[in-house]
Every structure is written in C-alpha cells, then in structure tokens.
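> Predicted model and sequence below, questions to follow.
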2 protein chains.
Amino acid sequence: MSKQKRYFLTEDEIPRQWYNIAADMPVKPAPMLDPKTKQPVTVEQLSEIFCVECAKQELNVTDRWIDIPDEVREMYKYYRSTPLVRAYGLEKALDTPAHIYFKNESVSPVGSHKLNSALAQAWYCKQEGLTNVTTETGAGQWGTALSYASNLFGLNAAVYQVKISYEQKPYRRSMMQLFGAQVTPSPSMSTRAGKDILTANPNHQGSLGTAISEAVELARMTPEKCKYALGSTMSHVSLHQTVIGLEAEKQMEMAGDYPDIIVACFGGGSNFSGLSFPFMRHNFLDGAKTKFIAAEPASCPKMTQGVFEYDFGDEAGYTPLIKMYTLGHKFTPANIHAGGLRYHGAGAIVSQLYHDGMMEAADIPQIESFDAASLFAKAEGIIPAPESGHAIAAVIREAIKCREAGESKTILFNLTGHGLLDMAAYDQYLRGNLVNYQFTK
Amino acid sequence: MSKQKRYFLTEDEIPRQWYNIAADMPVKPAPMLDPKTKQPVTVEQLSEIFCVECAKQELNVTDRWIDIPDEVREMYKYYRSTPLVRAYGLEKALDTPAHIYFKNESVSPVGSHKLNSALAQAWYCKQEGLTNVTTETGAGQWGTALSYASNLFGLNAAVYQVKISYEQKPYRRSMMQLFGAQVTPSPSMSTRAGKDILTANPNHQGSLGTAISEAVELARMTPEKCKYALGSTMSHVSLHQTVIGLEAEKQMEMAGDYPDIIVACFGGGSNFSGLSFPFMRHNFLDGAKTKFIAAEPASCPKMTQGVFEYDFGDEAGYTPLIKMYTLGHKFTPANIHAGGLRYHGAGAIVSQLYHDGMMEAADIPQIESFDAASLFAKAEGIIPAPESGHAIAAVIREAIKCREAGESKTILFNLTGHGLLDMAAYDQYLRGNLVNYQFTK
C-alpha cells in the first residue's frame, strides 16, 4: 500500500553541468555547412544568428560537461528538480507488469520543459549585451518559455507563432503577452520570407520552418542588439535539456530501478535528447542496453519516412545546411494539434544516432495519441500536452507488449508539458471530431 | 545568491491527521439548525444530504485530530506535499523587506487545493456503498476536483456548473467531461429549484447558491445511492483543507521563519481555513500573534458588509440554517471572473472567528486583483487563478506597508490554483476591458 510515488532532488542536487553527448558519440554528427561555400560553419558565422555562447556550444563536440551558469541554475530552482513519478495509476489501467515512470516537466512555471533552454539562452543573450531576442513557436510552449525568461532577464522578446496554432490556441498568445512579449502570427507581412510565402499561398497556415525564417530574418535586421533563439533541433538546445535526464538518472537510482526503455515525443528532438542522452552514455560507455524510442506523429514521420541528407532548418533557406533526417524544408505538415511536432527535420545529433542504430522511432496517429492522453489523464490526473500524448501512446504499446509477454520491463518517459491550453483539442476529441492525417510527401 | 527557493516534505512527512479547530476555539461555532424545528441538526439529518462520515465530522467540535484515511493519504502522494515557495521574485518586484512565502496548491493534478477535500469525500462515499455524487461548481475548480476523485474511486459524478462560468470557461467543462463527469449549466430545467429560478428570471446567470440547490435536490431524489458533496463553507471541508497549513507549519520551520501575517482568498472559507487554522491554534494555545486576512471580492464582501445571522447556504433554502456572515441567500453576486468567490455566505467556524476578532478581512476590487496576479505572473512565472489574485493583492498591500515602515515581516499566502483555464479573463485584462463592480445589496 505505502509505495513511494514521486522522487525529488534537493536544490543542492540539481545538476551543475549539462551533458554534451557529442563528446562520447562513436560517430560524430556531420558538421553544419555554409550553403554558399559548402564549408563547415564557424562560431563567427553561427553567431550572426545566435548568441556567441550558444554558437560555441553548438560546435563543441569535445567537452563532455558544460557548466550551467549560476544565474541559470538559480532560476532552475523555481521548478527543478521536476518530480520523477511512478505511474501506478497507468500501470493499473493497463494491467501491465511493466514499471512505468515519467519525468514531469509540466510543472515548470510555463508548463513545459522548454524553460530549461529558454533560461540559458536568455541569460547568455543578456550577458552578451543584447537587448532583444526573436523566436518562432509552434504549440506556443517554446514561445511562452522564452517570453518568460526574457522578461526575467530584462530582454524584449518578439515571437512568431505558427498561424494555425495562433488560431487554435489564442490563450497561448495571451500568456506570452502577459509575460511582455510581442506576438505575430506567421507567415506575416513583416518579413521578406513571410511576404514571399503569402504571395505564393495567401492561405498558408504556417509551419515551424516558416516561422523560423521570419524570426531569423528579424534578428538579422539588427544583429548588434538582437539574436535569434531556437527551441529545439540545435545541439545546444539538446545540451540544455540534458538537465532532465541527469536528474532522472539520480531519481531512478532513488527508486531502485533502471530504464529498459526510454520514450519521448519527437519534434526537433530536444526533449527526447534531454531525457535520453545521459542514459545513452551508459549504453556507449558502460554496456547498458536501454532502448530509446522517439515518438513522432504518423503525419510528420521524419525519422521513419525521411531521408538522411543535408537540408535547411527553415522554409526560406536562411539557416546553415544541417545533415539530418528530413521530409524536405518545403514540407508543410498536417494541422495536427501537437503543434510542437510539426517540423520537417531532426537535429544533427539525433539524426546521426538514429542512422547508427542507437535509437528507434515509432509513428503515432493523432487519434491514438489522444486515446493515450485521455487514459493517462484519468489514471494520473494530469492532462498531457498533445505532444506528450505521442510519448504516452508509444509507452502504452510497450507496456501492452510487457503484459502479453509477462515481462516486467522498466519504462521511463518524458511528460513534456500539460495540455491545459489545449482543451479545445480535447473537446474535439470528446465529441469524436478528431481525424488521423495520412502522411503524403 | 544561493538561497533555497522551495521546501518539500517527504511522503512520510505528509500529515496523517487533519486538524479540527472547533476543538480549540474559545467560542464554539453556533450549531446548524433545522429550518422547520429550529433545533440543532443531527448527524442523521445531515446525512440525508452528505455521506455519514462527513456529517459526523461536520458536527464534531471535540476531537482535535481526525485521521486521514490511508487510501486518501495514498492519493495525496500524487501531489503532496505541495511546495512552500519563497517568492523572491515578488519581493524584488515590490522592493520590500518583507519575506513572502506561498503554499503552491496549483500543482495538484486538477490545478487547485480543491482536491484535498474531493479525495476525502469521494472515498467516504465509496466506502458507504454509494454509486453517485452530485455537486455544484463556480469557477470549475471544485467540479474538476470532484470529477477526478470520483472517477478514481469508481463513482459517477453529476456537476451543476454556474451558468456564467459554464459560458466563460468552456474548457473547465471539457476537463470535467474528460474525467467522466456529467456537467449541466445551472440554473437548469432538470430540478424544481432550477425551474423556479428560471421562471422568475429566464436570464439568471447562476450563482453558487443556485447550483447548490440543484445539486442537493438531485441527491435527494435517490438518497440511498447518491449524496451531495460540497467544495467549501462546511466545517468538514475546512477540516480536510488543514493538510495545507499542517504541511506549511513544517515547511516554514525548514525555512527558519514563522508567519506574522497569513493571507488567503475567501469564497466560502475552506482554503483560508486550511492554511490558517493550524497556525491559529498557536495563537489560541501558545501565544503566537499571527494576523489572518481573508481577501474577499469588493463586489461580494460578506465579511465586511454582511450580517452575522442564521441564513440558508443555498438560494432555494434546502440546507440547514447556518449562523454565518451573509449577504442574504437571495444575493446574486456580480459576474467577476473569480467565480469561486461568488458566494453569499461564509462557513460557521470562520464566521465565529471573524466575529470574535480572531481574523480580519480585506475587500479587493477586480482590477486590483488582476494587477496583482499579473505582477505575480511576471515575477514568479505562475499565472494565478483569479481567486488567488485576491490573496496576492492583499499580500501586496501588506508588503508595501512593510516597505514604507521598513519592517521585515513574514507573510505567507495560499496560491490556491493556477489561472491557465482563465486566460480569457487575462486577455480582457490585457485589453483594458475589465471593470470593477460596486457592491449593492
């Protein structure tokens, strides 16, 4: 009866360094290339877009540990450690012998894991004397996180929110505005990239790739005072997110378990990386055999259906070329509610790891993701973000396999965010109005 | 720089008993009366409406400690202890020497403190062989909590949601439905009470008093299988909420501080009671001098403008008579966004305590509550429920007094819930469209 449900670390135990998996990878990620010269980009080139510290971290493939600035770690204390939770309710609902744990990142002030990197990026920008940051946001989670972090450190934030999300989730906009940000639906007429897209297709619903183009263009207008901050895909973002997995390592030890399977939803790859990489290093270095599963939407299956090649990170082709699994930077994903997973590509590191067989991917149809999220809500009381619903669906598949095989595996997943601003989507689900979108290239 | 921000208890330290302040009150609360006979109601009479265990707790003015059932305490572990947080961000924003702490009840699965009592009430109903529960909900926080708790313990829940709230907050309805509850806007045509009200006033926007009448009437239709569960006002609800203050006591000790001032928003009084009573006993028994402030809406000021007399708890007059501060059971509060504070009366215990000078009350205009909530959101990253905004406004008044007097008082308040389902109200606030309602009897 008296089983411990949640595991916390003390503030002193919050990690002091992030883990840079690139230092331990058997095959390093391919370098980003300058699209004009086809030569590897330099820190100088990258820092035309990003702040210098992020540019350095992006290209660092040698240092295993990167210090978390004290000021960032102080702000982590507002919500970290996040709890590691044993999902007894879900186990019971599935009648599975599997041990299911989740890292509950939804408890962050802004409701998702995104704040882990937003705080770092905003802090570095402030340190480097900048006054403004720009970014894109899909579901609104990243935009909210950067708006909050920017306000904390006294920066102005301009956010391009994917138009379909801006319309589906008006309260995400309100939340960003409450934190003082300027929010524009993308594509917009405020940039060259937006104008070109709207000229070609006045009804364009937007995508992360499009919004990135607009935000990058805005940052480039005044590079001396404004940089661009990205919420996923890039290696430095994954680096910041490793605080999740590093905490989880200690917390799993407190629980006396070790994950056989780790699952995370997959948009650009940063939450997946953040939870997985600290455990994956034990696969590399200590002979651990954990299986890693990226749960991507069936309608945007960059891993299982994409190609591994150099491509742009954005629609307009403003970014360096990145070697990644991609559906093509002109691909416009279907209007699924999991806006954070509507991205054509994957980060360079996760792409290399997938290519090298270090991780797997599962394709989750939209309705299955909401079935899973709904079951989880009843069993655990937390309404998941639609993105997290994809991870839960993949977990349920594994837990059912355990039941059928009579195997008590330990499954750990990332509950990236809550769905309290996605109730319109749940409402559609409850009324039977959700659809599955087929993937078509 | 390295200041501890949050304090948690281990699962073992979660309280095992609730605190029944009635046992320690210098003057006991006046008994509830049967409206027909004017005699004190008995457990038998009360249990025609409530489950037997709650009826017993309601009338218990002698036992100081009441055991928390193991099964309820196990469910508390899903979210308790809630963190005690030092609000460094708010202190800085106010430039005050005061130490400000808050108990963050918004981290509960359903987003508010209401679950503390919902779990207990649902568990007792299940134990007593009931299959159904009914209730009312104002802001939707209580309805959500009872829906979730009922589903956990295998009960059917029927919720009457105040019509104005049903319309202002459609996603609260979705959330209750996701947890399996049946939700009806009140006043409705499904009860005699609702029909009478709608006949007299077809545009009636509803109130807690009206919704209570409907829920009580529904429960009375099949008393052998269905009871009514109330989310505030009653002494047994306040009892269940004392888990908040009992935790806070231990956590304040960890922080090395003791509250000079305790603030909570005030609808029927349960969250106020829950945080305050464990500390108030030290005023009674140990010579502590903590000041307690109930933050009520200026448009529904039952404490400062009401009268202390016997009145009904609901619009239709179905409940026993309760001696309380009341604006009259026919009073319809203005349509403020803090739906949980739109109630004409106060609990019997808090009313007696207020009458005896053991606590104070502050009236907060709607716009001041949103100014305060907005400042708090930026400073601490948590968007408060509009109800909690009232407490924050009262805290800010006290913290500013501290600044002006150069006094470093310790202020503790209850962050009862988050406002993530109230973003429509914040949106109105950001656009300058909120109004202050005058109180008129």
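Yep, it's here. Residues are numbered from 1 along each chain as shown, chains lettered A, B, ... in the order given.
> got the contact list for the one residue in the stretch 1-150 of chain A that gets nearest to chain B?
Minimum separation of the stretch 1-150 of chain A from chain B (CB to the nearest CB) falls at A:Pro109, amounting to 2.7 Å. Every C-beta, even on glycine, is put in place using the N, C-alpha and C of the backbone. By CB atoms under 8 Å, 6 or more residues apart in numbering or on different chains, A:Pro109 lies in contact with A:Tyr78, A:Tyr79, A:Leu115, A:Tyr148, B:Glu380, B:Gly381, B:Ile382.
> surely the fourth one meets A:Leu115?
What it means is A:Tyr148. Yes - contact criterion CB atoms under 8 Å: A:Tyr148 and A:Leu115 qualify, at 6.9 Å.
> residue contacts, A:Gln57?
Listed by CB under 8 Å, 6+ apart, the contact set of A:Gln57 reads A:Asn20, A:Ile66, A:Ser235, A:His236, A:Leu239.
> and with 10 Å instead?
A:18, A:20, A:22, A:43, A:46, A:50-51, A:63, A:66, A:120, A:124, A:234-240 (CB atoms under 10 Å, 6 or more residues apart in numbering or on different chains).
> re earlier: relative to B:Arg6, how far out is the residue of the stretch 1-150 of chain A closest to chain B?
Using CB to CB, to the nearest Å, A:Pro109 is found at 12 Å from B:Arg6.
> Need the overlap of contacts for the two.
Counting by CB under 10 Å, 6+ apart, the contacts common to A:Pro109 and B:Arg6 are A:Tyr78, A:Tyr79.
> Which parts of the stretch 1-150 of chain A are helices?
Per DSSP state H, counting those that start in this stretch, the stretch 1-150 of chain A carries helices over the ranges A:43-46, A:52-59, A:70-76, A:88-94, A:115-127, A:141-152.
> Is the fourth one in proximity to chain B?
The reference is to helix A:88-94. Yes - against chain B, helix A:88-94 shows contacts by CB under 10 Å from any CB of the partner chain at A:Tyr88, A:Gly89.
> who in the stretch 1-150 of chain A is up against chain B?
A:1-8, A:10-12, A:70-71, A:73-81, A:83, A:85-86, A:88-89, A:104, A:106-111, A:115, A:144-145, A:147-149.
> among those, which ones are buried?
With burial judged by 16 or more other CB atoms under 10 Å in any protein chain shown, the buried subset of those is A:5-8, A:11, A:71, A:73-81, A:83, A:85-86, A:88-89, A:104, A:106-111, A:115, A:144-145, A:147-149.
> What mean pLDDT does stretch A:45-57 get?
Across stretch A:45-57, the average pLDDT comes to 96.
> typed the wrong thing, it's stretch A:208-215
pLDDT averaged over stretch A:208-215 gives 91.
> repeat for stretch A:340-347
Here the average pLDDT along stretch A:340-347 is 93.
> just stretch A:316-333 next, same as before
Stretch A:316-333 carries an average pLDDT of 93.
> Any buried residues in it, and which?
Under the neighbour-count criterion of 16+ other CB under 10 Å, stretch A:316-333 has A:316, A:318-329, A:331-333 buried.
> Tell me how far stretch A:401-419 lies from the chain's centre.
20 Å (CA atoms, centre = their mean, to the nearest Å).
> Apart from its neighbours in sequence, what residue is nearest the residue of the stretch 1-150 of chain A closest to chain B?
B:Gly381 (2.7 Å; CB to CB, 6 or more residues apart in numbering or on different chains).
> on that earlier part again, for A:Tyr148 and A:Leu115, list the residues in contact with both.
Joint contacts of A:Tyr148 and A:Leu115 (CB under 10 Å, 6+ apart) are A:Met75, A:Ser108, A:Pro109, A:Ala122, B:Gly381.
> so which two of these are the farthest from each other?
Greatest spatial distance in these: A:Ser108 and A:Ala122, 14.3 Å, computed using CB to CB.
> okay, the angle between the helix or strand hosting A:His240 and helix A:115-127?
Taking DSSP states H and E as the definition, one finds A:His240 inside helix A:235-255. Going by axes from the mean of the first three to the mean of the last three CA atoms, to 10 degrees, helix A:235-255 is angled at 130 degrees with respect to helix A:115-127.
> Dump helix A:235-255 to CSV, restricted to CA.
What follows is helix A:235-255 as a C-alpha-only set of coordinates in CSV (Å, rounded to 0.1, in the frame of the first residue of the first chain):
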residue,chain,number,x,y,z
SER,A,235,22.7,20.7,-30.4
HIS,A,236,23.0,23.5,-27.8
VAL,A,237,19.2,23.2,-27.1
SER,A,238,19.5,19.5,-26.6
LEU,A,239,22.5,20.1,-24.4
HIS,A,240,20.5,22.4,-22.1
GLN,A,241,17.7,19.8,-21.9
THR,A,242,20.0,17.1,-20.6
VAL,A,243,19.3,18.5,-17.1
ILE,A,244,16.1,16.4,-17.4
GLY,A,245,18.0,13.1,-17.9
LEU,A,246,20.7,13.9,-15.4
GLU,A,247,18.1,14.4,-12.8
ALA,A,248,16.2,11.3,-13.9
GLU,A,249,19.4,9.3,-13.5
LYS,A,250,19.7,10.2,-9.8
GLN,A,251,15.9,9.8,-9.3
MET,A,252,15.7,6.4,-10.9
GLU,A,253,18.5,5.3,-8.6
MET,A,254,16.4,6.6,-5.6
ALA,A,255,13.5,4.5,-7.0
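> tell me the angle of that helix relative to helix A:52-59?
Using the same axes, to 10 degrees: helix A:235-255 against helix A:52-59 is 70 degrees.
> List the buried residues in helix A:235-255.
A:235-252, A:255.
> and it, does that touch chain B?
No - with CB under 10 Å from any CB as the criterion, chain B is not reached by helix A:235-255; the gap is at least 11.2 Å.
> Just give me the neighbour total for the nearest residue to A:Gln141 once chain neighbours are set aside.
Excluding the flanking residues, the one nearest A:Gln141 by CB to CB, 6+ apart is A:Ser112, at 4.1 Å. Neighbour count of A:Ser112, defined by other CB atoms under 10 Å in any protein chain shown: 28.
> show me the contacts for A:Ser112.
Contacts of A:Ser112 by CB under 10 Å, 6+ apart are A:105-106, A:118, A:139-142, A:144-145, A:231, A:271, A:340, A:385, A:387-388, A:415-418.
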